[in-house]
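K.L.:
Turn this into a model:
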Amino acid sequence: MHEMKNLSARERILLTAHDLFYMEGIRATGIDRVIAEAGVTKVTFYRHFPAKSILICEYLEYRHQRWMAWFVDSLQFHGGHAAAIIPTLAEWFSDAHFRGCAFINSVGELGGVMPEVVEITQRHKQEMTAVIANLLPSTQRREKDAQAIALAIDGAIIRAQFEPTPDTALLALERLLTSLLPGLRAR
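P.N.:
From the prediction side, this is the model:
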């Protein structure tokens with residue numbers, strides 16, 4: 001959980017919802033729990049978030065900004081090229097709080113009833129794919145390769161959630177990357 005004492009009520013609500021929605025699921029997390037853990041009143045909560053759907057969208061927007069900043073920074077830290085994908089994901093998958101992709105999870109929970117969740121997820125995945133494309137050599141295949149790698153990353157994220165360790169997912173992703181990008185040495 002985040003350090004909350006110096007934050008506004010709105011920030012406390014959003015950060016509390018972020019942690020609970022990501023760790024326990026959106027549907028499993030009731031508004032009363034968010035209110036209690038954020039340390040606000042119902043009146044304060046509803047003043048900032050008149051409906052749970054608004055909070056869900058803000059949570060996903062916040063998660064998008066936070067995750068993309070981390071992803072770009074981690075890729076740069078690990079060398080700023082396609083081989084950086086594997087150690088970047090290994091870092092995320094080994095985090096004690098890893099629970100998969102918040103966007104994939106949200107579409108699974110709410111995609112059929114909240115089209116805005118699908119729209120936010122599409123934008124997130126497009127931006128992730130653009131970051132991946134910037135790691136690749138400038139060729140005619142660059143965009144298609146980035147789309148294929150993004151799809152493989154999504155599969156690895158899902159696989160890493162249910163395997164005893166993330167190694168199986170990372171090794172399979174590394175194999176796909178090296179077959180798609182000959183000469184790539186991820187590890």
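K.L.:
which regions of the chain lie under the pLDDT threshold?
P.N.:
For the chain, the stretches with pLDDT under 70 are 1-3, 185-187.
K.L.:
Contacts only, for the residue nearest to Ser106 when sequence neighbours are not counted.
P.N.:
Spatial nearest neighbour of Ser106, chain neighbours left out: Val117 (5.1 Å); criterion: CB to CB, 6 or more residues apart in numbering. No exception for glycine: its C-beta is placed from N, CA and C like everyone else's. Applying CB atoms under 8 Å, 6 or more residues apart in numbering to Val117 gives the contacts 56-57, 60, 106-107, 110-111.
K.L.:
now swap in Phe49 and tell me
P.N.:
13, 55, 58.
K.L.:
any idea what Val113 is structurally, helix, strand or coil?
P.N.:
Judged by DSSP: H, G, I helix; E, B strand; the rest coil, the three-state class of Val113 is coil.
K.L.:
Show me what the helix or strand hosting Asp154 is packed up against.
P.N.:
Using DSSP states H and E, Asp154 maps to helix 142-162. For helix 142-162, the packing partners by 3 or more CB pairs under 8 Å, 6 or more residues apart in numbering; DSSP states H and E come out as helix 85-93, helix 102-110, helix 115-135, helix 167-180.
K.L.:
and Phe21, what is it in contact with?
P.N.:
29, 56, 59, 102.
K.L.:
pretty sure the first one contacts Tyr22?
P.N.:
No - in this structure, Thr29 is not within contact of Tyr22 by CB atoms under 8 Å, at 9.6 Å.
K.L.:
re earlier: mind picking the one among the contacts of Phe21 that's closest to Thr129?
P.N.:
Ala102 (16.8 Å; CB to CB).
K.L.:
In contact with the closest one, which residues?
P.N.:
By CB under 8 Å, 6+ apart, the contact list for Ala102 reads 21-22, 60, 63, 67.
K.L.:
Mind checking which of the residues you listed are in helices?
P.N.:
With DSSP state H as the criterion, helices contain 21-22, 60, 63, 67 from among the contacts of Ala102.
K.L.:
picking that back up, can you add distance to Gly39 and neighbour count and give the contacts of Val117 back as TSV?
P.N.:
Output for the contacts of Val117, formatted as TSV (distance: CB to CB, whole Å; neighbours: other CB atoms under 10 Å):
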residue	distance to Gly39	neighbour count
Ile56	21	23
Cys57	23	18
Leu60	23	25
Ser106	25	25
Val107	31	18
Leu110	26	19
Gly111	32	14
